[in-house]
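> Dropping a prediction and its sequence here:
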Amino acid sequence: MQVAIQKEGQSAARRRLCKHEVGNVNKQPGSLGRLAKVALFAIGAVSLGAGSLVHAAEFPDPLPIESTRSVAKLATPYPGSYAMVHDFGFGSLIDSAFSLVNTDNGRFKGMISGGNFATANISSARQEIYIAETYYSRGTRGERSDLVTVYDMENLDRVAEIEIPKKRAGIVVQKSGTAITESGKFYLVFNLTPGTSVSVVDLDTKTFVGEIQTPGCSLIYPTVDHNFFMLCGDGKLLHIRLDEDGKVASQDKSDQFIDIDADPLSEKSSKVGADWQFISFQGDVQPISAAAVPGKRWSLTSKRERRKNWRPAGWHWTAGHPDGRLWVAMTPNGYEGSHKDPATEVWLFDVAKKKRVARFEMNTMALSIDVTLEDEPRLLVVNIEGSLDVYNASTGEYQRSIHDLGASPYQVHRMP
């Protein structure tokens with residue numbers, strides 16, 4: 001057999017074998033005849049042992065790359081009903097994904113992949129999406145790369161990769177780990193090594209422009225222009241003002257306003273108008289103004305509700321609207337550490353009046369919430385089953401659910 005193959009060449013032998021096997025396969029579907037198996041083994045042996053006998057000309061040229069004839073594009077700017085749901089791959093944490101959906105009709109529109117502990121920020125002004133991400137050359141180990149990757153909103157195409165210091169904080173679906181300044185000029189990335197700092201990216205030039213050391217202070221909350229503040233471990237905040245080059249023009253620390261031991265603030269916060277609204281673990285609201293000045297605290301709960309231990313709960317439990325409304329995910333029977341429990345209800349507040357105006361019971365308990373900026377806003381709820389539930393944000397009326405958004409969708413982002 002081997003002699004015959006060497007004499008007539010592999011190509012002819014393969015043709016003869018294939019022709020012979022057609023009959024065998026027709027007679028015995030699903031199996032190869034014994035002769036065919038022997039012949040294939042022999043051909044494989046010749047391929048390994050006598051590869052020099054085969055001339056390169058016997059192999060055809062590679063097929064040309066096929067052009068993609070149909071490429072879908074998304075209409076831009078996106079309507080306010082669009083949202084991005086973050087699946088951060090909790091089962092492995094090696095990568096993540098961001099699904100773009102239309103909450104008006106439940107349609108899936110597209111997806112962007114991300115690296116380890118990725119974060120997403122959206123600029124409607126620039127029509128760009130920014131993914132801060134980390135990769136390792138061997139998946140879970142090897143050489144590390146930290147990037148801010150830029151995607152256009154029409155095609156979800158990657159248009160730039162900006163290398164940043166290999167210090168980006170690996171935090172599970174944390175909205176305040178990255179931010180776009182209110183001016184839209186700079187992209188800020190929180191670093192943790194465990195030393196804390198902020199990397200600054202110029203979005204005009206798509207370049208890294210510097211690192212700001214922020215010892216003892218964490219996360220990023222934009223205020224006005226290029227400015228932002230951070231929460232500090234001593235119960236104060238650090239206010240940083242950037243110049244046009246992304247360098248520190250000035251900075252100062254507030255007096256202590258957080259009792260870290262008695263009732264600390266959660267780092268999860270939402271803007272209502274120009275002010276940030278932080279919620280304490282026991283249910284107090286701590287406003288911080290656009291000038292980075294802490295305001296007077298007020299409570300989400302009545303005395304009776306406090307006795308029942310109603311507390312904020314979930315992964316990201318607040319959502320704010322420019323019209324002065326604040327939504328907070330809540331659960332009863334709270335206890336030390338219950339802030340990560342899913343929420344059974346979402347409460348709606350008028351911030352100016354410091355008063356609750358509605359409470360909505362969830363069809364399925366909530367992990368994270370956000371609110372669209374439509375004329376009639378929708379309450380977006382990532383539930384414990386991994387779906388996105390959509391409600392009327394004013395009345396709590398259930399509208400629809402969007403399923404199959406990944407293995408561990410824990411966060412939702414509205415369109416800014």
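Okay, I see it.

> Would you map the strands across the stretch 301-416 of the chain?
Per DSSP state E, counting those that start in this stretch, the stretch 301-416 of the chain carries strands over the ranges 311-312, 318-320, 325-331, 343-350, 355-371, 378-383, 388-392, 398-402, 409-414.

> give me the low-pLDDT residue ranges for this protein?
Applying pLDDT under 70 to the chain flags the ranges 1-57.

> got the domain boundaries for it?
2-58, 72-256, 262-416 (automatic domain parsing).

> rewinding a little: mind checking which of the strands of the stretch 301-416 of the chain is nearest residue 208?
Proximity to residue 208 (C-beta to C-beta) singles out strand 409-414 among the strands of the stretch 301-416 of the chain, at 23.6 Å. The C-beta positions use only the backbone N, C-alpha and C, and glycine is treated the same way.

> ok, and what's touching the closest one?
With contacts defined as C-beta atoms under 8 Å, 6 or more residues apart in numbering, strand 409-414 is touched by 80, 83-88, 90, 98-99, 120, 122, 172-173, 175, 315-316, 367-373, 380-382, 386-388.

> my read: residue 76 touches residue 154, true?
Yes - counting by C-beta atoms under 8 Å, residue 76 does reach residue 154; the two are 5.1 Å apart.

> intersection of neighbour lists for the two?
With C-beta under 8 Å, 6+ apart as the test, residue 76 and residue 154 both reach residue 127.

> sorry, back to before: can I get the domains of the chain in TSV including mean neighbour count and distance to residue 64?
Below are the domains of the chain laid out as TSV (neighbours: other C-beta atoms under 10 Å; distance: least, C-beta to C-beta, whole Å):
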stretch	mean neighbour count	distance to residue 64
domain 2-58	12	19
domain 72-256	18	23
domain 262-416	18	35
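
> can you redo the ones you listed as a markdown table with distance to residue 66?
Listed next are these as a markdown table, based on distance: least, C-beta to C-beta, whole Å:
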| stretch | distance to residue 66 |
| --- | --- |
| domain 2-58 | 24 |
| domain 72-256 | 17 |
| domain 262-416 | 29 |
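
> out of the strands of the stretch 301-416 of the chain, nearest to residue 269?
strand 318-320 (6.3 Å).

> In its sheet, which strands sit next to the closest one, and in what direction?
Counting by DSSP bridges, the strands paired with strand 318-320 are strand 325-331 (antiparallel).

> Next, the angle strand 388-392 makes with the strand it pairs with.
Put simply, strand 325-331 runs at 130 degrees to strand 388-392, going by axes from the mean of the first three to the mean of the last three C-alpha atoms, to 10 degrees.

> about what we covered before: nearest to residue 68, of the strands of the stretch 301-416 of the chain?
Checking the strands of the stretch 301-416 of the chain against residue 68 by C-beta to C-beta gives strand 398-402 as the closest, at 27.3 Å.

> Only C-alpha atoms, please: export that closest one in CSV.
Extracted as CSV, the C-alpha positions of strand 398-402 are listed here (Å, rounded to 0.1, in the frame of the first residue of the first chain):
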residue,chain,number,x,y,z
TYR,A,398,-44.3,47.1,34.0
GLN,A,399,-43.6,47.3,30.3
ARG,A,400,-41.4,44.3,29.2
SER,A,401,-38.3,42.2,29.9
ILE,A,402,-35.3,41.7,27.8
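
> Output the contacting helices and strands for it.
On a contact count with 3 or more C-beta pairs under 8 Å, 6 or more residues apart in numbering; DSSP states H and E, strand 398-402 meets strand 388-392.

> packing partners for the strand it packs on?
Secondary-structure packing of strand 388-392 (3+ C-beta pairs under 8 Å, 6+ apart): strand 355-371, strand 378-383, strand 398-402.

> Identify the bridge partners of the closest residue in space to residue 406 that isn't next to it in sequence.
With sequence-adjacent residues excluded and distances taken as C-beta to C-beta, 6 or more residues apart in numbering, residue 406 is closest to residue 87, at 2.6 Å. Beta bridges link residue 87 to residue 97, residue 409 when assigned by DSSP bridges.

> Looks like residue 87 contacts residue 387 (just checking).
No - shown here, residue 87 and residue 387 do not form a contact pair, counting by C-beta under 8 Å, at 11.8 Å.

> where do the contact lists of these two overlap?
405, 409.

> where's residue 363 relative to residue 221, distance?
To residue 221, residue 363 is 32 Å away according to C-beta to C-beta, to the nearest Å.

> again with residue 167
19 Å.

> cool, residue 364 as well?
Residue 364 is 30 Å from residue 221, by C-beta to C-beta.
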